[in-house]
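> sequence-free structure coming up:
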């Protein structure tokens, strides 16, 4: 037995029930860098949000399998300044922890360069103003901060610093003050790009878990332990504890994990992974949140899933399943606030949107800013969460001048998107489809249409987006298509996933006419239906 083995190694308590199947991912679509905490029999999870606002979505579960969104940690511009933040900057890798009656979420706004944390007694409510922790003077720029609360009252900040080194410092929780100089505690376990550190105390020992290998197809999770939170850390003899590199599986790039002990004493890991499509493989839905069971060896090392591998369908004992009601397919925009699944692009301008000027409709007022700009267009979007899906909206828009447009878009970033829009050319209203792939922009359909409301639709399968429109009550006419591949991370770059969005723009000038959207439908389809 290893010299550092706990006197009482963690054990996996087998629930007295048969195996239950659950499907991975447990949070499909762009939900990367998951972090989880437990309060009694309730579980709370956060993920990265990058350039989207509000930031850091918060999810609640009773079984770790089914999650419902209950809010966001960052809902005010003072918490989340994103003015002209380039795509795939903004909020990186949050960590959520619960201590002494309070929730804490710590993260980095890489557009600003400092770590900060916010707190709340109710994770579904308003979170505090940021408490800033700036370690740039001591170690330079850093990312992926995590908080650890020790038994003796010490509070530790662990983060990834320059050169992919892991640093740690004790802090004063009240004001974020550093209580000493940050110390280098790990260079990883021999793989490139150690990041995403989390420190745990289990069985009397301190475990340091890291993501390594880069957040691509060589991604992995490793773990080490010590008798001290400062190390030195002995690596697990069967590292990596999680990886799908060189594994034939529809799930790839597994890593950036967080460990949780459930209320029945079973252990679990939440982590990110991707679902590539085609050859060469590429993924456009983004990095998603997955779940795996954890067992422990006799000498106190974790074993994730099936020897470090997971499957799309997991047949394992779970907590008693507690599904939530499904989100409605249709959002009628009848409420006084947008539903939680909607996001803006960077900090929205208050005058660009309204739910009250035309009750029961979402009104977007196009500015000079458009989808090609690193700015804040009049845009409201939600994640694409299924390969096969249909997004449909009813738009009432009479462009006030040539060039004004509004419609339905499929967005990865400023340089990679596609849209179906209502616009005006030479005084005639038209429906157009446009694609942008890097520096190449092409209009692939343009059809004159009569005045009046129209239904716009995007229909997706694994390989293709199809764009169509119809008069109210008519059949949708598909008029153009675009390949999903050109909105993938492998082509477009970055760390996000595809959004389906409603937008309006004057394309260089403020729009004269508002664009009104009566409803929006998001329908998951069987892949044979798409």
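It's in. Keep in mind the model is a prediction, meaning the values are calculated, not measured. Numbers count the residues shown, from 1 in each chain.
> contact partners for residue 455?
With contact set as C-beta atoms under 8 Å, 6 or more residues apart in numbering, residue 455 has these partners: 392, 393, 394, 395, 469, 470, 471, 472, 474, 476. Where you see a C-beta, it was placed from the backbone N, CA and C, and this is true even at glycine.
> what does residue 178 give?
By C-beta under 8 Å, 6+ apart, the contact list for residue 178 reads 133, 135, 138, 169, 170, 171.
> quick one, grab the pLDDT at it.
Residue 178 carries a pLDDT value of 97.
> repeat that for the one 10 residues further on.
Among the per-residue scores, residue 188 holds a pLDDT of 96.
> distance of it relative to residue 221?
Per C-beta to C-beta, to the nearest Å, residue 188 is found 11 Å from residue 221.
> hmm, back to that, looking at the contacts of residue 455, spot the one nearest residue 349.
Comparing the contacts of residue 455 against residue 349 with C-beta to C-beta places residue 395 closest, at 20.5 Å.
> which strand residues bridge the closest one?
Note on residue 395: beta-bridge partners residue 454, residue 517, judged by DSSP bridges.
> re earlier: buried ones only from the contacts of residue 455, please, as a PyMOL command.
Buried residues within the contacts of residue 455, by 16 or more other C-beta atoms under 10 Å, are selected in PyMOL with:
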select buried, resi 392+393+394+395+469+470+476
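> so, low pLDDT: which residues of the stretch 201-350 of the chain?
Counting by pLDDT under 70, not a single residue of the stretch 201-350 of the chain qualifies.
> hang on, the earlier thing: any common contacting residues for residue 188 and residue 221?
With C-beta under 8 Å, 6+ apart as the test, residue 188 and residue 221 both reach 210, 212.
> the two: which is more packed in?
More neighbours surround residue 221 than the other of residue 188 and residue 221, with 26 against 23 (other C-beta atoms under 10 Å).
> now restrict the contacts of residue 178 to buried residues only.
Listed as buried from the contacts of residue 178 are 133, 135, 169, 170, 171; burial here means 16+ other C-beta under 10 Å.
> using CSV, lay out those residues together with distance to residue 287, secondary structure and pLDDT.
Shown next, in CSV, are these (distance: C-beta to C-beta, whole Å; DSSP: H, G, I helix; E, B strand; the rest coil; pLDDT from 0 to 100):
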residue, distance to residue 287, secondary structure, pLDDT
133, 26, strand, 95
135, 26, coil, 94
169, 28, strand, 98
170, 31, strand, 98
171, 29, strand, 98
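> tell me which of these is nearest to residue 156?
For the buried ones among the contacts of residue 178, the residue nearest residue 156 by C-beta to C-beta is residue 170; the value is 5.7 Å.
> show me what contacts the closest one?
Residue 170 makes contact with 154, 155, 156, 157, 178, 179, 180, according to C-beta under 8 Å, 6+ apart.
> any idea which element the last one lies in?
Here residue 180 sits in a region with no helix or strand, counting by DSSP states H and E.
> kindly provide the distance from it to residue 172.
Distance of residue 180 to residue 172, given as C-beta to C-beta: 11 Å.
> cool, and the fourth one?
Residue 157 is 11 Å from residue 172, where distance means C-beta to C-beta.
> who wins on neighbours among the contacts of residue 170?
Of all the contacts of residue 170, the highest neighbour tally under other C-beta under 10 Å goes to residue 157, namely 26 neighbours.
> buried ones in stretch 292-305?
292, 293, 294, 296, 297, 300, 301, 302, 303, 304, 305.
> same thing with stretch 210-219?
For stretch 210-219, by 16+ other C-beta under 10 Å, it's 210, 211, 212, 213, 214, 215, 217, 218, 219.
> could you pull out the strands for the stretch 301-450 of the chain?
With strands called from DSSP state E, counting those that start in this stretch, the stretch 301-450 of the chain shows them at 302-304, 313-316, 330-331, 344-345, 353-354, 362-364, 378-383, 389-396, 405-413, 416-425, 428-437, 440-448.
> these into a markdown table, with extra columns for distance to residue 204?
Below are the strands of the stretch 301-450 of the chain laid out as a markdown table (distance: least, C-beta to C-beta, whole Å):
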| stretch | distance to residue 204 |
| --- | --- |
| strand 302-304 | 15 |
| strand 313-316 | 28 |
| strand 330-331 | 50 |
| strand 344-345 | 47 |
| strand 353-354 | 54 |
| strand 362-364 | 55 |
| strand 378-383 | 41 |
| strand 389-396 | 48 |
| strand 405-413 | 47 |
| strand 416-425 | 50 |
| strand 428-437 | 55 |
| strand 440-448 | 59 |
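> out of those strands, nearest to residue 92?
For residue 92, the closest of those is strand 405-413, at 16.0 Å, according to C-beta to C-beta.
> now the angle from the closest one to strand 416-425?
In terms of direction (axes from the mean of the first three to the mean of the last three C-alpha atoms, to 10 degrees), strand 405-413 departs from strand 416-425 by 170 degrees.
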